[in-house]
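[1] Here is my input, please return the structure:
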Amino acid sequence: MNFDIERMSGEENIPVTFIKAALGMPLSASLDHLSSFEQAYEAYLSASPASEQRIAAGRELLRHISSFEEARKATLAHPKDSAGERMAFRKMLEYVTTPGEAREAYNSAERDSDRSVILQKWEELSATRLESASTFDEVRTVYKNSVRDSEVGRAAIRKMLEYAATLEEVREVCQEVSFQSEEGIAAIRKMAQFYQT
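    Just a heads-up that it's a prediction; the model follows:
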């Protein structure tokens, strides 16, 4: 029996790979047309685990990764501790460009050696963002995405306090510091200005 799979896919909005899998058709022939990450991702998810189609789709999936988000999706799609997961995670590291992405990669890293590499990149990205931040909101974002108790994190708190223009902003800084710390004492002093009579 023949099917117009391409037409069915277009009209019904069902990926070709899912249709082929449902009809018991081999997926390897369909891998030739994969031209995007999303197509490769669909092919990977629709193939039976440990099948040749899954392995081939996994290779295509890794080949089409072009962003942090795609690498993250590929990492999560592969079985834990598999070669595919490790290769997708390495790709994820290549695409880390923001402190938030670095934090996410750090939290999903399983190996200490990976964590060490990510931590260094995370600190560098945070320092660069902090240097260019010029508003309270921008500095807050850097702080929220920085490594806690790091030099950059402490510098971000000091810069948040510097840019804090409202009582709410000063309160926000106070919630992040110990009142006995240098930053805490400075925050209390700045807060007191709002209570001058």
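[2] May I ask which helix or strand of this structure has the lowest mean pLDDT?
    Here the helix or strand of the chain ranked lowest by mean pLDDT, DSSP states H and E is helix 16-22, holding a mean of 75.
[3] Mind giving me the packing neighbours of that helix?
    helix 5-12, helix 37-46 (3 or more Cβ pairs under 8 Å, 6 or more residues apart in numbering; DSSP states H and E). All C-beta spots, glycine's among them, are computed from the backbone N, C-alpha and C.
[4] looking at these, which is closest to residue 154?
    For residue 154, the closest of those is helix 37-46, at 38.7 Å, according to Cβ to Cβ.
[5] what's in contact with the closest one?
    For helix 37-46, contacts defined as Cβ atoms under 8 Å, 6 or more residues apart in numbering pick out 15, 17-18, 20-21, 27, 30-31, 33-34, 53-54, 57-58, 60-61, 63-66, 70, 73-74, 77.
[6] which parts of the helix or strand that it is followed by are buried?
    Going down the chain from helix 37-46, the next helix or strand is helix 52-63, by DSSP states H and E. For helix 52-63, burial by neighbour count (16 or more other Cβ atoms under 10 Å) applies to 53-54, 56-58, 60-62.
[7] what does stretch 111-125 give?
    Buried residues in stretch 111-125 (16+ other Cβ under 10 Å): 114, 117-119, 121-123, 125.
[8] Output those in a markdown table; the columns should cover distance to residue 5, pLDDT and secondary structure.
    Formatted as a markdown table, the buried residues of stretch 111-125 follow (distance: Cβ to Cβ, whole Å; pLDDT from 0 to 100; DSSP: H, G, I helix; E, B strand; the rest coil):
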| residue | distance to residue 5 | pLDDT | secondary structure |
| --- | --- | --- | --- |
| 114 | 41 | 85 | helix |
| 117 | 44 | 89 | helix |
| 118 | 42 | 92 | helix |
| 119 | 47 | 92 | helix |
| 121 | 44 | 93 | helix |
| 122 | 45 | 94 | helix |
| 123 | 50 | 94 | helix |
| 125 | 44 | 95 | helix |
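[9] Just give the nearest non-adjacent residue to the most centrally placed residue in the chain, would you?
    Nearest to the geometric centre of the chain sits residue 101, at 4.0 Å (Cα atoms, centre = their mean). Nearest residue to residue 101, sequence neighbours excluded (Cβ to Cβ, 6 or more residues apart in numbering): residue 68, at 5.0 Å.
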